[in-house]
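Undergrad: turn this into a structure:
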Amino acid sequence: MFPEFESCFYPNIAKMFSKILLLLEEKKLNLNEPLEKMILLSSMENLSYVDGRKTARKLGFDFWENLRKKYGNDEDLARAIGINTTSLYSDSGIFPDFIFKLENKDRPIGGEILEIKDSTGSSIASFNSTLPTEFKSLADLRKINGVKGELLIKVLKNFEDNRLKYWKTHKRKVFYFVRTNKGKEDIRISLVDGAFFETLPEKALISFMFENIFRRHSVPEDILKKASKIFGYITDHSRISFSQDIPKASIKPRLRIMAEVKKEGNPHWNAYGIPSKTFNLIVKAEEAKDLSFETDTEIMTIDHKNNGKFVVFSYKVHQ
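TA: Alright, predicted model coming up:
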């Protein structure tokens, strides 16, 4: 853990941002590098979960390096963890892409969740597996990912103290590593607090979504009023997106909730004023007061159209 950032809400994210700033300044990284490489190069020793272990290996990073010293070959390593050997170096394709280590020093410290969103256009890539939120627990991740969520838990147990009573229920801060206009002059990369996207609670969002579906089907208003009480119970993303076994049906239909970011939810929207060719950290204003970085950054404020003020630490990359 990092003494200089230990008092903040997301010490691993702050340290990662600080290290990437230095690597960009020294021209050891550029804004068009694989985002996975940026994360692994700056934070490998602080990660407790990497979803794209195959991708990481191709980039020259072995997630199992330290455990391998203890267990030896792949078969013994996989057996000790409780997974099959093919899962050691696979890209599981579940949420999230990375999890940072959670430590206990009189209180939970770290444990941040990080998801990559990469796009060659000006819009943020869609959220395909889960609705973006400010916090998620391991229990949430287990429900979201179904059977594959068990693999995530098995991996984490080898890197965190899972004996802590709050280990599965502690609400971990969620960040999104967002790049827009990759390969273009107007490129921007930002580490974005999940609060920037969650301007309505997930439960309310799902309820409103079903109400809109009913309205599009021209359901009479009197029936809609009665149904609105039911909408309040339809709040669990994981209970909506599972495959349903329906008697006499030869297929299992499945609803999948996806999300697209509106312009006011895009921190790279031109109206928010973040310059091109920049690397940024975007956090809630009330959580930014104790943050400072050795590498010079411009400090800006975004007045989010739906969610108050956010502070931006912005570094201009000259390459």
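Undergrad: which residues of this protein fall in helices?
TA: Applying DSSP state H to the chain gives helices spanning 11-25, 35-43, 53-58, 65-71, 74-81, 85-88, 138-145, 148-156, 202-216, 221-231.
Undergrad: how about the ones you listed, which one is nearest residue 177?
TA: Smallest distance to residue 177 across those (CB to CB): 5.4 Å, for helix 35-43. Every residue, glycine included, has its C-beta placed from N, CA and C.
Undergrad: C-alpha coordinates for the closest one, CSV please?
TA: Extracted in CSV, the C-alpha atoms of helix 35-43 (Å, rounded to 0.1, in the frame of the first residue of the first chain):
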residue,chain,number,x,y,z
LEU,A,35,-4.9,0.3,-21.9
GLU,A,36,-4.1,-3.1,-20.3
LYS,A,37,-0.4,-2.4,-20.7
MET,A,38,-0.7,0.9,-18.9
ILE,A,39,-2.5,-0.7,-16.0
LEU,A,40,-0.1,-3.7,-15.7
LEU,A,41,3.0,-1.7,-16.1
SER,A,42,2.0,0.7,-13.4
SER,A,43,0.2,-1.6,-11.0
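Undergrad: for it, buried residues please.
TA: Across helix 35-43, burial judged by 16 or more other CB atoms under 10 Å covers 35, 36, 37, 38, 39, 40, 41, 42, 43.
Undergrad: quick check: of those residues, which lies closest to residue 165?
TA: Once CB to CB is applied, the member of those that ends up nearest residue 165 is residue 43, at 27.1 Å.
Undergrad: my read: that closest one touches residue 12, true?
TA: Yes. Counting by CB atoms under 8 Å, residue 12 is a contact partner of residue 43 at 6.7 Å.
Undergrad: what is in contact with those two at once?
TA: By CB atoms under 8 Å, 6 or more residues apart in numbering, residue 43 and residue 12 have these common neighbours: residue 100.
Undergrad: if we can go back for a sec, now, which of the buried residues of helix 35-43 sits nearest residue 124?
TA: Looking across those and measuring by CB to CB, the closest to residue 124 is residue 35, at 13.0 Å.
Undergrad: count the neighbours of the closest residue to the closest one other than its chain neighbours for me.
TA: Leaving aside its sequence neighbours, residue 35 sits nearest to residue 116 (CB to CB, 6 or more residues apart in numbering; 5.0 Å). Neighbour count for residue 116, taken as other CB atoms under 10 Å: 19.
Undergrad: any idea how far residue 36 is from residue 116?
TA: According to CB to CB, to the nearest Å, residue 116 and residue 36 sit 7 Å apart.
Undergrad: overlap in contacts of those two?
TA: In contact with both residue 116 and residue 36: residue 97, using CB under 8 Å, 6+ apart.
Undergrad: since that was my last question, I'll sign off now.
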